[in-house]
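A.B. asks: Provided below for reference: sequence and predicted model.
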Amino acid sequence: MQFDLSEATRGVREMSDGFVQRLPYLVVALVCLIAFYFAAKGVRSGIRRVSARRKQHQNVGLVLGRLAQGALVFLGLLIALVIALPTFKPAQLVELLGISSVAIGFAFRDILQNFLAGILLLWNEPFRIGDQIRIGEHEGEVENIETRATMIRTYDGRRIVIPNGELFTNPVTVNTAFNQRRVEYDVGIGYGDDIETARELILQSIRSVEGVIAEPAPEVLVYELAGSSVNLRVRWWIEPPRRKELLHSRDAVLTAIKATLVENGIDLPFPTQHILFHDQTEETDGDRSRQREGWPASKAGVPKPRSIASALEAAAKVSRERDAS
């Protein structure tokens, strides 16, 4: 049996001849697409440079540049297809996109939501690239703001990708929104120490630290009468308000405060507890309304408070007398 390959050979020859004839058009289409691609990159860079000179809406240049680049690349693709494929009509592609837009909308609802949120974030500019923000449990420096998500670099060198929908609908703390930032810390002194003396010593310590600005002035406020100490809330301001400067300023200020207070004999107490041992029966308690700190009231009235040392000494004396009898 013999096979007739003439038809197949003729078909391959016609295809190769057609390809050779269309090859110049394919080359022109490829060159056109490459030209539109580099033109789109140039337009994007130009828009970003122009927007960078503005004080407001700098982030708008990011989204406008990306949209302009995508539109020019898409236009170049359409022109290249028309050049390479004479039978192709752009109306066919537009019709196809119109028919499938509803299905695409349902399938990519979250993506579209994040895209719109990204556009609004870039337009309103609640924060910019380089700002340090906190959202929920995440905190770091904004690396990039895309139309779908925002990249945050944490202080320990990790990257967090947060969808723009969450940034738009949840509270976001921008730590670098202003040029200055207040730092505060609670310092406890003893009840026997003079508050005004401790206040003045702490203020002297804060003013001696480099990086603490003079205006607004540092403050030392009595914040709490705690169980073992009088707590003073120390406040001072730093500039710039970034995380690195905050940690270094806090380290220097607290080191200076401790050294100054210890040098001047101001107590830095730690929590203590008083444990009172006594009989809590009705027969020995007497009048409960006249008791002080849990001790039963005697006939002479409410007993005066005693220190732990004197109470232990009295208890030991009673124990010795009991053993002697």
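C.D. replies: Everything's here; your move.

A.B. asks: the nearest residue to residue 211 once chain neighbours are set aside sits in which helix or strand?
C.D. replies: Of all residues not flanking residue 211 in the chain, residue 249 sits nearest, at 5.1 Å (CB to CB, 6 or more residues apart in numbering). Glycine gets a C-beta too; all of them are placed from N, C-alpha and C. Assigned by DSSP states H and E, residue 249 falls within helix 243-263.

A.B. asks: I'd like to know which elements that helix is packed against.
C.D. replies: Counting contacts by 3 or more CB pairs under 8 Å, 6 or more residues apart in numbering; DSSP states H and E, helix 243-263 packs against strand 181-189, helix 195-207, strand 230-238.

A.B. asks: how many residues are close by residue 24?
C.D. replies: 10 (other CB atoms under 10 Å).

A.B. asks: could you measure from it over to residue 35?
C.D. replies: 16 Å (CB to CB, to the nearest Å).

A.B. asks: quick one: mean pLDDT for the helix or strand hosting residue 67?
C.D. replies: Element membership for residue 67 (DSSP H and E) is helix 60-84. In this model, helix 60-84 carries a mean pLDDT of 72.

A.B. asks: kindly report the same for stretch 160-168.
C.D. replies: For stretch 160-168, the mean confidence score works out to 90.

A.B. asks: tally up the residues packed near residue 236, please.
C.D. replies: Neighbour tally, residue 236, other CB under 10 Å: 24.

A.B. asks: over to residue 133?
C.D. replies: Neighbour count for residue 133, taken as other CB under 10 Å: 22.

A.B. asks: now swap in residue 149 and tell me
C.D. replies: 20.

A.B. asks: is it bridged to anything, and to what?
C.D. replies: Counting by DSSP bridges, residue 149 forms beta bridges with residue 163.

A.B. asks: how much space between it and residue 177?
C.D. replies: Applying CB to CB, the value for residue 149 to residue 177 is 21 Å.

A.B. asks: can you check residue 183 too?
C.D. replies: Taking CB to CB as the measure, residue 183 falls 16 Å from residue 177.

A.B. asks: what's the answer for residue 204, then?
C.D. replies: 31 Å.

A.B. asks: over to residue 258?
C.D. replies: In terms of CB to CB, residue 258 sits 32 Å off from residue 177.

A.B. asks: run a quick neighbour tally on the residue nearest to residue 211.
C.D. replies: 21.

A.B. asks: show me what contacts it?
C.D. replies: 183, 209, 211, 212, 236, 238 (CB atoms under 8 Å, 6 or more residues apart in numbering).

A.B. asks: lowest pLDDT pick from these?
C.D. replies: Lowest pLDDT among the contacts of residue 249: residue 211, with 88.

A.B. asks: count the neighbours of that one for me.
C.D. replies: 15.

A.B. asks: pLDDT-wise, which helix or strand of the protein ranks last?
C.D. replies: Lowest by mean pLDDT, DSSP states H and E among the helices and strands of the chain is helix 282-285, with a mean of 51.

A.B. asks: how far away is the closest residue to residue 189 other than its chain neighbours from residue 231?
C.D. replies: Nearest-residue entry for residue 189: residue 198, 4.9 Å, with adjacent residues in sequence omitted and distances by CB to CB, 6+ apart. Remark: distance between residue 198 and residue 231 (CB to CB) = 11 Å.
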